[in-house]
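**Student:** need a structure here:
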Amino acid sequence: NRVRELVNNPKKDFIEIYCNASLDVCEKRDTKGLYAKAREGLIQDLTGIGSPYEPPENADVVLNTATNSLEMCVSQVLGHLEESNIIPRID
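**Tutor:** Numbers count the residues shown, from 1 in each chain. This is a model prediction of the structure:
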């Protein structure tokens, strides 16, 4: 909600999209090896390892990226944008 307050300006649009994935999924997708380095103590305060992760409380769109395909996630985002009249409906 703090981010919403920072950008709460009628001239600016703000859409919060939460890409929900478990820590296990994030570690499996980590191509840079940051999670492994954090577990070895080489990186301090990496979110989810040495620092807590706080998911958003009121996201406009929640994408379950662990179980949904990329195409399904894109469809959800586009659907929200269409429903919000940010982009025209594509039929």
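**Student:** pull the CA atoms of the strand or helix carrying K28 into PDB?
**Tutor:** Using DSSP states H and E, K28 sits in helix 23-29. Output of helix 23-29 as PDB, limited to C-alpha atoms (Å, rounded to 0.1, in the frame of the first residue of the first chain):
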ATOM      1  CA  LEU A  23      10.700 -19.800  -2.800                       C
ATOM      2  CA  ASP A  24      11.400 -23.300  -4.200                       C
ATOM      3  CA  VAL A  25      10.200 -22.300  -7.600                       C
ATOM      4  CA  CYS A  26      12.200 -19.000  -7.500                       C
ATOM      5  CA  GLU A  27      15.400 -21.000  -6.600                       C
ATOM      6  CA  LYS A  28      14.900 -23.400  -9.500                       C
ATOM      7  CA  ARG A  29      14.500 -20.500 -11.900                       C
END
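**Student:** report how many residues lie close to I90.
**Tutor:** 6 (other Cβ atoms under 10 Å). No exception for glycine: its C-beta is placed from N, CA and C like everyone else's.
**Student:** the helix holding K28: which residues count as buried?
**Tutor:** C26, E27 (16 or more other Cβ atoms under 10 Å).
**Student:** good, wrapping up.
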